[in-house]
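need coordinates for the below:
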Amino acid sequence: MTDSNRTMFLNVMLVLLAYLLGSISSAVVVCKVTGLSDPRSHGSKNPGATNVLRLHGKKAAALTLTGDVLKGFVPVFVVYLLNAPLPVLGLAALAAFCGHLFPVFFRFQGGKGVATLIGVLFGINAFLGLAFVVTWLIVAFLFRYSSLAGLTASALAPVYCGLLNPSPYLVIPVSIMAVILFWRHRSNIRNLLSGTEDKIGEKNG
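You can find the predicted model right below:
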């Protein structure tokens, strides 16, 4: 195997491993280990931190959030540390994100992607991730809607990326992730427009 082939093989493996790590459902694992009900069967039925918070409280939600962020951050940051080309970094970011949304281990039925996107963005650039989080916090504080905060921060993520890392190999994957995230939140968008979306801290009966 030539050096070129070895490099290509390594890059493909990095992207594949990013997807596989992203496919681990933190919500399902946390709830199973702690003896809590499966979040895919109750509430909004979304295996994410927000639904876990409504169903099982802050501790389980914090563990879920941490897991979702880390599975986005770790593979992307490893690719960054290995000095892989920007196209590989962008593909690894997209793969980890898609792993969360369409996990191979859970019949391709995953979460909506905000926490994993945060991890991915921090893996690309710490300031990029920070810009997303600050935007999320401001919108969540003002309006008390987690979904609206995530959608707003996601819409601005490609802009932030363009300012901090103006490479199409990164801006395009971040833009794709933002579009997919909006698609995954289409029910939340309908609820926001109709005034029926749950606010932060409200129980979803």
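
just for this structure, where's the confidence low?
202-205 (pLDDT under 70).

list the contacts of Leu82.
Leu14 (C-beta atoms under 8 Å, 6 or more residues apart in numbering). Every C-beta, even on glycine, is put in place using the N, C-alpha and C of the backbone.

er, Thr50 I mean
If you count contacts by C-beta under 8 Å, 6+ apart, then Thr50 has 44, 61, 146-147 around it.

now the helices: where do they sit in this protein?
Using DSSP state H, the helices of the chain run over residues 3-22, 26-33, 49-56, 58-81, 86-101, 114-124, 126-143, 146-164, 168-184, 186-194.

most packed of the ones you listed?
Of the helices of the chain, the one with the most neighbours on average (mean count of other C-beta atoms under 10 Å) is helix 114-124, at a mean of 28.

just want the most central residue of the protein.
Geometric centre of the chain, nearest residue: Thr116, 2.1 Å, by C-alpha atoms, centre = their mean.

any idea how far that one lies from Ile180?
11 Å (C-beta to C-beta, to the nearest Å).

give the contact list for Val74.
21, 119, 123 are the contacts of Val74 under C-beta under 8 Å, 6+ apart.

and for Leu181?
112-114, 117, 150-151, 154.

name the nearest residue to Pro75, sequence neighbours excluded.
Ala18 (3.7 Å; C-beta to C-beta, 6 or more residues apart in numbering).

what sits against the one you found?
Counting by C-beta under 8 Å, 6+ apart, the residues that Ala18 touches are 75-76, 79, 92-93, 95-96, 99.

in the residues you listed, find the pair that's most separated.
Val79 and Gly99 (14.0 Å; C-beta to C-beta).

nearest to Cys31, of the contacts of Thr50?
When the contacts of Thr50 are compared against Cys31 (criterion: C-beta to C-beta), the nearest one is Ala61, at 10.4 Å.

separation between that closest one and Leu137?
Distance from Ala61 to Leu137, by C-beta to C-beta: 16 Å.

what of Asp38?
Asp38 is 29 Å from Leu137, by C-beta to C-beta.
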